[in-house]
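Participant: I'll drop the sequence and a predicted model, then ask my questions.
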There are 2 protein chains.
Amino acid sequence: MSELIVWTYDWVPEGPRGFVRDIRLRWACEEAGFDYCVRTVPFGERGADHLARQPFGQVPFLSDGVIEIFKSGAGLLHLARKSEKLMPSDPVGEAHTLQWTIAALNSIEMVSVPWWYLEVTGAKDNHLTNWLESRLDHIERILKQRDWLVADRFTVADLLMADVLRVAKVRSFGDRPATEAYVARITARPSFRKAHADQVAHFAAADDRNAAIGLDE
Amino acid sequence: MSELIVWTYDWVPEGPRGFVRDIRLRWACEEAGFDYCVRTVPFGERGADHLARQPFGQVPFLSDGVIEIFKSGAGLLHLARKSEKLMPSDPVGEAHTLQWTIAALNSIEMVSVPWWYLEVTGAKDNHLTNWLESRLDHIERILKQRDWLVADRFTVADLLMADVLRVAKVRSFGDRPATEAYVARITARPSFRKAHADQVAHFAAADDRNAAIGLDE
């Protein structure tokens, strides 16, 4: 039996498919060659059971034997310490992977997700747009200087940064060629493609099951 | 000579004093009893030198011998692995400290900082307010059930969560008594008070130096 379990929803609407954050943990497991399986919690009903395991009613969370851990960024850092394929094991490489993983979450996603949220709710705000542009300019400057964020090699920091930049659907990517090339290159990795295809298939299978038992979607 | 160096600005205006994020690293060093010193980079001029050490032109960053690490959350997790006073050393305690540290940054601060930013720029947005309220409700539910986020004891996850909640200046704290009590209790710790006083004194001393040499502030 696989010790590593990636928990996600049993179903989501079409819009977020390919973007649900379990993809980050699937992807890391694929990169490292870990044996893992995927299990589900109901999308429609997030009761006490779910909140006890993910206090904000979200997914993913990860089971690793007796360890349960929520937040995809925390799961990535937890997995990274199990395989050199995800993070160098020397103290400097580990510290830099940690800082760039946190930067993806707290320097970029902290701006890009609220920006995206206001865009989709029709409350577009110029302050947030300018703030996001400024953060993306910093990333572009860095990616002009190097191919990887840490130690001249792929780490979970690149995995997360590429996923954050991919999800942001940020405008003006065309004006930031280094960022565009970085995201394209990293999401062309076979492990990302497999994780993406697996997630899309997982949710599509739920459609099929629901149709078979006559449930509305 | 102290190996641990917390880097911050040489000066900031009065508004952010007591809130600049070097306080998180000072606080952690005080809790753990680490020998550390504070050094500065110019607030007014953030050139290539600064960007090479903190790619977004912010503070703090931490030097620990050959290791340099930016992002306060990353610095906290780095420090936490050096002392049981900041994080339990068993794998479950470590994983839970990691998840709650990331949750403070990515579940709360990702909403509270953009919310605060729109408030101060006069672009108050109801979507963000509702989103923040919802996240704070989750935290209130959790803090009604327990005093600490991890392992029934203080960890860097509490340090960071309390600092995030303190900085957010979120309204309706009065309606969330468990959260209010948590923040009050944790910021009453002697280590927080010392870190806070030291930061305020650090920036006030810069005022005095500037006045002595006739610089406008």
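Facilitator: Perfect, thanks for sending it.

Participant: gap between the host helix or strand of A:Leu77 and the chain center?
Facilitator: Per DSSP states H and E, A:Leu77 falls inside helix A:72-80. Chain-centre distance of helix A:72-80: 10 Å, with CA atoms, centre = their mean, to the nearest Å.

Participant: Name the residues that touch that helix?
Facilitator: Outside of helix A:72-80, the residues within contact range by CB atoms under 8 Å, 6 or more residues apart in numbering or on different chains are A:4, A:21-22, A:24-25, A:28-29, A:32, A:34, A:60-62, A:64, A:67, A:69, A:86-87, A:97-98, A:101-102, A:104-105, A:155-156, A:159-160, B:95, B:98-99, B:101-103, B:106. In short, each C-beta sits where N, CA and C put it, glycine included.

Participant: A:Thr8 contacts A:Val59, correct?
Facilitator: Yes. Contact criterion CB atoms under 8 Å: A:Thr8 and A:Val59 qualify, at 4.7 Å.

Participant: From chain B, how far off is A:Thr155?
Facilitator: 13 Å (CB to the nearest CB, to the nearest Å).

Participant: Let me see the contact set for that residue.
Facilitator: By CB under 8 Å, 6+ apart, the neighbours of A:Thr155 are A:80, A:86-88, A:93, A:97, A:100, A:148-149.

Participant: Could you do A:Ser191 as well?
Facilitator: Per CB under 8 Å, 6+ apart, neighbours of A:Ser191: A:27, A:30-31.

Participant: For the closest residue in space to it that isn't next to it in sequence, pull up the helix or strand it's in.
Facilitator: Nearest non-adjacent residue to A:Ser191, counting by CB to CB, 6 or more residues apart in numbering or on different chains: A:Glu30, 3.7 Å away. Assigned by DSSP H and E, A:Glu30 belongs to helix A:22-32.

Participant: Can you list the low-confidence ranges for chain A?
Facilitator: A:1-2, A:168-174, A:215-217 (pLDDT under 70).

Participant: and if we set it to 50?
Facilitator: Judged by pLDDT under 50, chain A has its weakly predicted residues at A:217.

Participant: hey, which helix is longest across it?
Facilitator: The longest helix of chain A (DSSP state H) is helix A:190-212.

Participant: Can you show me the strands along chain A?
Facilitator: For chain A, the strands defined by DSSP state E cover A:4-9, A:36-41, A:61-64, A:67-70.

Participant: which one of the ones you listed lies closest to A:Glu180?
Facilitator: Closest to A:Glu180 of the strands of chain A is strand A:4-9 (CB to CB; 28.4 Å).

Participant: which residues are in contact with that closest one?
Facilitator: If you take CB under 8 Å, 6+ apart as the criterion, strand A:4-9 is touched by A:20, A:22, A:25-26, A:29, A:34-43, A:53, A:59-64, A:79, A:199, A:202-203.

Participant: Tell me how far it lies from the chain's centre.
Facilitator: For strand A:4-9, the distance to the chain centre is 13 Å (CA atoms, centre = their mean).

Participant: That strand pairs with which strands, parallel or anti?
Facilitator: strand A:36-41 (parallel), strand A:61-64 (antiparallel) (DSSP bridges).

Participant: Alpha carbons of the shortest one, in CSV - could you do that?
Facilitator: Read that as strand A:61-64. Coordinates of each C-alpha in strand A:61-64 appear next as CSV, following Å, rounded to 0.1, in the frame of the first residue of the first chain:
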residue,chain,number,x,y,z
PHE,A,61,-3.8,17.8,1.9
LEU,A,62,-1.2,15.1,2.1
SER,A,63,-1.0,11.9,4.2
ASP,A,64,2.4,10.5,4.8
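
Participant: who touches it?
Facilitator: Against strand A:61-64 from outside (CB under 8 Å, 6+ apart): A:3-7, A:25, A:53-54, A:68-71, A:75, A:78-79, B:95.

Participant: from the residues you listed, which would you call buried?
Facilitator: A:4-7, A:25, A:53-54, A:68-71, A:75, A:78-79, B:95 (16 or more other CB atoms under 10 Å in any protein chain shown).

Participant: nearest spatial neighbour of A:Ala178, skipping sequence neighbours?
Facilitator: A:Leu143 (3.9 Å).

Participant: what's the most buried one of the strands paired with strand A:4-9?
Facilitator: Most buried of the strands paired with strand A:4-9, by mean neighbour count (mean count of other CB atoms under 10 Å in any protein chain shown): strand A:61-64, with a mean of 21.

Participant: How far off centre is that one?
Facilitator: 15 Å.

Participant: for stretch A:149-159, same thing?
Facilitator: That offset, for stretch A:149-159, works out to 15 Å (CA atoms, centre = their mean).

Participant: Could you do stretch A:14-31 as well?
Facilitator: 6 Å.

Participant: what's the span of that stretch from first residue to last?
Facilitator: 26 Å (CA to CA, to the nearest Å).

Participant: With stretch A:178-197 instead?
Facilitator: With CA to CA, one end of stretch A:178-197 sits 26 Å from the other.

Participant: Show residues contacting stretch A:121-140.
Facilitator: Here stretch A:121-140 has contacts from A:107-108, A:111-112, A:114-115, A:118, A:161, A:165, A:168, A:170, A:172, A:176, A:178-179, B:51, B:55-57, B:114, B:117-118, B:121, B:123, B:125-127, using CB under 8 Å, 6+ apart.

Participant: give the contact list for the spatially most central residue of chain A.
Facilitator: With distances taken as CA atoms, centre = their mean, the residue of chain A nearest its centroid is A:Arg24 (3.8 Å). Contacts for A:Arg24 (CB under 8 Å, 6+ apart) come out as A:60, A:72-73, A:75-76, A:159-160, A:163.

Participant: Of those residues, which is the nearest to chain B?
Facilitator: A:Gly73 (4.7 Å; CB to the nearest CB).

Participant: what's around that closest one, how many residues?
Facilitator: A:Gly73: 26 surrounding residues under other CB atoms under 10 Å in any protein chain shown.

Participant: One more: A:Gln199?
Facilitator: 24.

Participant: which ones are touching it?
Facilitator: Here A:Gln199 is in contact with A:8, A:17-18, A:20, A:22-23, A:26 (criterion: CB under 8 Å, 6+ apart).

Participant: Also A:Ala205?
Facilitator: Under the criterion of CB under 8 Å, 6+ apart, A:Ala205 has no neighbours.

Participant: Go again with 10 Å.
Facilitator: The contact partners of A:Ala205, taken as CB atoms under 10 Å, 6 or more residues apart in numbering or on different chains, are A:10-11.

Participant: Repeat that for A:Phe19.
Facilitator: A:Phe19 touches A:12, A:163, A:166-167, A:169, A:196, A:199, counting by CB under 10 Å, 6+ apart.

Participant: for A:Arg17, phi and psi?
Facilitator: For A:Arg17, the backbone dihedrals (degrees, to the nearest 10) come out as phi -60, psi 130.
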